[in-house]
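Colleague: Need a 3D model of the sequence below.
(one chain, ligands or ions: 1)
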Amino acid sequence: MLRFMTAGESHGPGLVALLDGIPAGLPLAADDLDPMLARRQQGYGRGKRQQIEQDHVEILAGVIDGNTIGAPLALLVPNRDYANWRDREVPPWRRPRPGHADLAGAIKYDLDDLRLVAERASARETAARVAAGAVAVKLLANLGVRVGSYVRAIGPVRADVEPLPLPERVSLALTSSVSCPDKASAERMRAAIDAAQVAGDSLGGLFDVVAWGLPVGLGSHAQWDRRLDARLAAAVMSIQAVKGVEIGPAFANARLHGTAVHDALYPGDGGPQRRTNRAGGLEGGMTNGEPLLITAAMKPIPTTMAPQPTIDLGSGQSVETEYQRSDGCAVPAAAVVGEAMVALTLAEAFLERYGGDSLTALQRRLGAGDERS
Ligand SMILES: Cc1cc2nc3c(=O)[nH]c(=O)nc-3n(C[C@H](O)[C@H](O)[C@H](O)COP(=O)(O)O)c2cc1C
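Modeller: Numbers count the residues shown, from 1 in each chain. Coordinates of the predicted model:
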């Protein structure tokens with residue numbers, strides 16, 4: 001129902017997203033999408049590339065007179081850096097960087113120059129995902145759903161965000177250069193990023209994506225590939241460098257007894273109510289009306305100033321990696337990409353449950369069966 005694909009290389013003319021299935025009648029302009037792209041570019045620890053780019057979306061199709069028309073959207077994010085690379089003679093890369101797609105991609109596609117793999121494997125591709133995701137965020141906002149994110153940990157520094165309500169975590173994160181709602185932890189995160197940079201090293205961390213205002217019953221228990229927890233996990237796991245996804249405090253829950261984990265039900269004014277949300281908003285592969293809480297683990301950035309052992313593909317000899325321009329830490333940026341992927345997945349689940357030829361029909365059906373708690 002909602003499908004999207006991206007195309008484009010890191011130093012090509014631009015990144016493109018095709019987004020098919022957005023209902024007609026959604027007011028949409030580039031100004032709605034650019035702020036999310038700007039957030040993806042920010043974050044303490046990012047490299048020089050972000051100083052070159054000032055991402056701006058061009059809506060090439062699917063919008064007429066400021067509204068979607070039910071046709072596929074074509075979104076272009078031009079690469080300003082393209083002008084610097086277009087005529088540059090770059091010697092072939094022969095030293096695969098550990099932690100990157102370089103070696104496996106070169107073998108698979110029979111490419112001698114590892115740069116040809118890196119161009120597409122690069123997380124620059126996430127600019128296109130965020131452009132599409134920002135459309136989904138706007139659609140969800142029209143359905144009463146808010147999606148947000150924040151950073152929970154960078155390297156060894158972990159923030160205690162539990163005392164803060166979700167909306168506050170999200171709004172405080174918007175004021176932090178590391179997207180962390182807790183000021184003291186944010187300070188220690190910046191110090192950790194600085195120390196890693198001095199050592200020529202990199203860091204990863206944890207980010208949370210949250211959503212609230214969700215109706216009961218998005219997704220389904222009835223078939224494995226309709227389970228929303230599985231689809232959200234796949235969407236978030238597809239982000240470059242994300243290697244773990246947790247729904248609610250899943251790993252902590254696994255150490256406890258069932259009676260300490262499951263969210264007990266009590267009678268309430270509007271029907272059954274829970275006093276806790278350790279399930280992270282999903283039971284049986286469906287939303288249960290509680291806020292969605294997803295945590296993702298991002299590995300440390302693989303490109304490091306400090307050389308790592310590798311081989312030269314020409315000689316087969318042991319050599320060291322050659323440094324390429326790189327972020328030292330990109331967890332705040334990855335959190336924004338996480339928001340985009342979660343918003344796209346939730347928007348798809350909405351359209352499945354309520355249908356989606358036009359925004360007004362979608363809103364009417366949602367209003368008719370509104371089971372939000
Ligand atoms: C927003 C974002 C920015 C990234 N920036 C860099 C970077 O500057 N340098 C780098 O080596 N890896 C960076 N990465 C991670 C790599 O793209 C990723 O590790 C690599 O493509 C291999 O994919 P995999 O880690 O999923 O196996 C970034 C990831 C994200 C999500």
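
Colleague: count of neighbours near residue 197?
Modeller: Residues within reach of residue 197, counting by other CB atoms under 10 Å, total 15. The way it works is simple: take the backbone N, C-alpha and C, and place the C-beta from them, glycine included.

Colleague: wait, I meant residue 218
Modeller: Residue 218: 26 neighbours (other CB under 10 Å).

Colleague: Contact partners for it?
Modeller: 228, 286, 287, 346, 349, 350, 352, 353 (CB atoms under 8 Å, 6 or more residues apart in numbering).

Colleague: Show the model's pLDDT score for residue 370.
Modeller: Looking at residue 370, its pLDDT stands at 57.

Colleague: same check, this time on the one 3 residues further on
Modeller: Here the pLDDT value assigned to residue 373 is 40.

Colleague: returning to that earlier point: in strands, which of the contacts of residue 218 appear?
Modeller: 286, 287 (DSSP state E).

Colleague: Just the closest of the contacts of residue 218 to the ligand, please.
Modeller: Proximity of these to the ligand (CB to the nearest ligand atom) peaks at residue 346, which lies at 19.8 Å.

Colleague: Residue 97 versus the residue lying farthest from the centre of the chain, what's the distance?
Modeller: Here the chain reaches farthest from its C-alpha mean at residue 315, the gap being 38.8 Å by CA atoms, centre = their mean. The spacing between residue 315 and residue 97, counted by CB to CB, to the nearest Å, is 17 Å.

Colleague: Next: residue 35.
Modeller: 32 Å.

Colleague: same check, this time on residue 290
Modeller: Going from residue 290 to residue 97 by CB to CB gives 42 Å.

Colleague: near the ligand, which residues of the stretch 201-350 of the chain show up?
Modeller: 239-241, 299, 301-303, 326-327, 330, 333-334, 337 (CB under 6 Å from any ligand atom).

Colleague: Show me which of these are buried.
Modeller: Among those, those scoring as buried are 239, 240, 241, 301, 302, 303, 326, 327, 330, 333, 334, 337 (criterion: 16 or more other CB atoms under 10 Å).

Colleague: ranges for the helices of this structure?
Modeller: 30-41, 49-52, 82-85, 102-109, 115-121, 126-141, 166-173, 183-198, 228-237, 250-253, 258-261, 331-354, 359-368 (DSSP state H).
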